[in-house]
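Peer 1: Predicted coordinates and the sequence they were generated for:
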Amino acid sequence: MKSQDIRKAYLNFFESKGHLIVPSAPIVLKDDPTLMFNNSGMAQFKEYFLGNGTPKSPRIADTQKCLRVSWKHNSLEDVGFDTYHHTMFEMLGNWSFGDYFKKEALAWAWEFLTEVLKLDKDRLYVSVFEGNPAENVPFDQEAFDIWKQYVSEDRIILGNKKDNFWEMGDQGPCGPCSEIHIDIRSDAERAAVSGRSLVNADHPQVVEIWNNVFMEFNRKADGSLEKLPAQHVDTGMGFERLCMAMQSVTSNYDTDVFTPLIEKVEQITGLKYTPNNVILSANEESQNKTNIAIRVIVDHVRAVAFAIADGQLPSNTGAGYVIRRILRRAIRYGFTFLNTKEPFINKLIEVLANQMGEFFPEIKSQQQLVTNVIREEEASFLRTLEQGLQLLDKVVAETSGKEVSGAKVFELYDTFGFPKDLTALILKEKGYTFNEADFEVELQKQKARSRAASEVSTEDWSVLIPGNVETFVGYDQTENEVKITRIRKVDSKKDGILYQIVLDNTPFYPEGGGQVGDKGTLVSANETIDIIDTKKENNLILHFAKQLPENVSASFVAKVNTDLRTSTSKNHSATHLMHLALRTILGTHVEQKGSLVNPNYLRFDFSHFSKVSDEELRQVEASVNAQIEAQLQLQEYRNIPIQEALSKGAMALFGEKYGDSVRMIEFGESKELCGGIHVKNTAEIWHFKIISEGAVAAGIRRVEAITGDAVKDFYKNQESTLAESKETLKNPQDILKSVASLQDDNAKLKKQIEQLVKEKIHGLKNTLVSDFQEINGINF
């Protein structure tokens, strides 16, 4: 059964069980401060588990793109060495939000695996939670009794908290889980050693394929558990592992999920990959290294490609750093073990797009961009590797003895991105080693610094007004009478102690869609509390303050800082107008790839494969200013069906998650899906001025621009600079002629100086010759 058919079979099965099939959320998370990437199927549904939102259906199923760089027993550096861990993977999932529970979830899982897919029942094992008396969580008798209807008791394994109790994080919804494992070893191996003893023992052919999580509890800040008001089901099945079981192979990499990519690598490098069922002899170590390198490359290219397609470019910070690190690991394995000295990973994108474009259209539509970005990253890191080789030669030359300092190797790794294992390989060829203990000490120091910098302590919510009553009124009001519904304290190394405040009817816009959060005040009869930022988390709008009101139950007036809000709205509306202008002047291939809108300026990243010329920038400026002068009235469509908005011509951005109902912003020909704050009429922007244009990555350009008062200040500064220049030049009538004259004079003087220096050198030479003394036949 092909992987495409397995995926379809799963979604069709759960659709027949009354589930709403939803598309995968982007792999990159933009509005969840607790996660960089979607690392599980449930991440996009967190707000429903927390009770902060209502799902479109109580039953949902999907296939979700996920990305992880660490697992229960493994990390990024282990990917490629085994046959079943991946950075990017698909999670087939079905959810119940307060609807069905254990009985249906486990029955349907068994039905799908054994009746729809026809997997051998004798190869399946299940696990249930053994209980934890310390936390007053009992043995999961209900799940145990359900499983006894389908399997013998010797196939039901009792799992501990580590393996069979799932938690969203340090705090939040959690509960016992029941896993389904499959034993795909040969009959002879199964007869010799029971599969039961190999469950959760990291055996490559006795693997977990499905996890059914039963959300029953909420983990509080003090570590205690409390019952949730509603019970939920959260299941996840590893798509790649399921394909391995269905296609009768013993490695995920031998399934048709990976074989097209492997064949392309073989074609490019001229090297062959050995399937997992071929046993390598001890003297075939080089072939094993080739296999590992190919597995690393075909795994990592998927993670990097989908992240870029969803809007996350490689960079040196945050999520971009993780993507760059994954890609560089793939490049390094190709460089070291496949002898690839030129960019080649980008050539795999066409194969990936053809293979997965049907279910994930973004990889097809963004194929050219992804290819270009990866090609440029490859070329850049290959240059870094060459520089690293030169630096390593210098380190070796300065080393006494045959052991290089571990601290020096760490410096190469940390500062220049030169990998430790590549360093070890090169040193070995030169007859050197390095002190690994010293390297590890430096690495742990760095990790400790990183952990300390990002350490956050979050208390439980103190709920003042129970129920889901919070609403946003900021599109129509900048001031509103409010009550506080909940509060909590957050302590971090970066920001110190802050308080998060949730209001019942807030006018404060939370950071999102590139626009910064509002600032302002909460005013009561007795005090004023400064709101220093506003963000959104799990469908709650959080207002950040350095102190709490003395009486949190009082009534307040929430006042947005309208000066900042007005400047921000001008920049946001101008961003829309500029997007239209860029697509009109440069071509419809231009797509937004990122933005920042704050009170001071706007920043806009977009796809375009060459520098924007000065003339093109002038045309963009002129187009935006023409739209401003046209005094275009804002046409706002709130809560309209997304298909209606798209039929009206609205632009939807890849990497953004949209609901069934959306908000559309229209200024003349500019029509975009957007949740941000905008001017009522383009005339309010006053004027638009581009201040810079440059490259962010291959195929991605960045424009920074200003509007309104910032433009006035810009021209004032220009006038001031011009006046000072005229004064310095003694107030000439024509300043351009005066500057040109200065440049001509300067060029003539430079030539004169060069001639004088030559003459001086000639004279010095004659003086030296006349001073020669002959001593024993030699001129001194």
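Peer 2: Good, I have the coordinates.

Peer 1: helices and strands around the helix or strand Phe381 falls within, which ones?
Peer 2: Assigned by DSSP states H and E, Phe381 belongs to helix 367-397. On a contact count with 3 or more Cβ pairs under 8 Å, 6 or more residues apart in numbering; DSSP states H and E, helix 367-397 meets helix 285-309, helix 318-337, helix 349-356, helix 406-416, helix 420-429, strand 688-697. Where C-beta positions appear, they are placed from N, C-alpha and C, glycine not excepted.

Peer 1: Out of these, which is the most enclosed?
Peer 2: Ranked by mean neighbour count under mean count of other Cβ atoms under 10 Å, the helices and strands packed on helix 367-397 are led by helix 285-309, which reaches a mean of 24.

Peer 1: Could you figure out how far that one is turned away from helix 349-356?
Peer 2: Angle, helix 285-309 to helix 349-356, by axes from the mean of the first three to the mean of the last three Cα atoms, to 10 degrees: 70 degrees.

Peer 1: Dump the helices and strands packed on helix 367-397 into a markdown table; add mean pLDDT and distance to Ile157 as well.
Peer 2: Listed next are those as a markdown table, based on pLDDT from 0 to 100; distance: least, Cβ to Cβ, whole Å:
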| stretch | mean pLDDT | distance to Ile157 |
| --- | --- | --- |
| helix 285-309 | 93 | 29 |
| helix 318-337 | 90 | 34 |
| helix 349-356 | 96 | 34 |
| helix 406-416 | 87 | 41 |
| helix 420-429 | 83 | 36 |
| strand 688-697 | 94 | 48 |
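
Peer 1: can you list the ones you listed in a markdown table and add distance to Thr728?
Peer 2: Supplementary listing: the helices and strands packed on helix 367-397 in a markdown table, determined by distance: least, Cβ to Cβ, whole Å:
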| stretch | distance to Thr728 |
| --- | --- |
| helix 285-309 | 49 |
| helix 318-337 | 44 |
| helix 349-356 | 55 |
| helix 406-416 | 43 |
| helix 420-429 | 55 |
| strand 688-697 | 24 |
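
Peer 1: Check which residues of stretch 497-514 are buried.
Peer 2: 498-514 (16 or more other Cβ atoms under 10 Å).

Peer 1: what does stretch 453-462 give?
Peer 2: Under the neighbour-count criterion of 16+ other Cβ under 10 Å, stretch 453-462 has 458-461 buried.

Peer 1: Compare the helices and strands packed on helix 367-397 and give me the one nearest Val249.
Peer 2: Ranking the helices and strands packed on helix 367-397 by proximity to Val249 (Cβ to Cβ) places helix 285-309 first, at 13.7 Å.

Peer 1: for that closest one, packing partners?
Peer 2: Packed next to helix 285-309, using 3+ Cβ pairs under 8 Å, 6+ apart, are strand 59-67, strand 88-97, helix 259-269, helix 318-337, helix 349-356, helix 361-365, helix 367-397.

Peer 1: Next, the angle from it to helix 259-269.
Peer 2: Going by the same axes, to 10 degrees, helix 285-309 makes 110 degrees with helix 259-269.

Peer 1: Quick one: end-to-end distance for stretch 416-436.
Peer 2: Start and end residues of stretch 416-436 are separated by 18 Å (Cα to Cα, to the nearest Å).

Peer 1: I would like the residues contacting it, please.
Peer 2: Outside of stretch 416-436, the residues within contact range by Cβ atoms under 8 Å, 6 or more residues apart in numbering are 328-329, 332, 335-336, 381, 384-385, 387-389, 391-392, 396, 399, 402-406, 408-410, 412-413, 439.

Peer 1: quick revisit: buried residues, the helix holding Phe381. List them.
Peer 2: 367, 369-378, 380-382, 384-385, 388, 391-392, 395-396.
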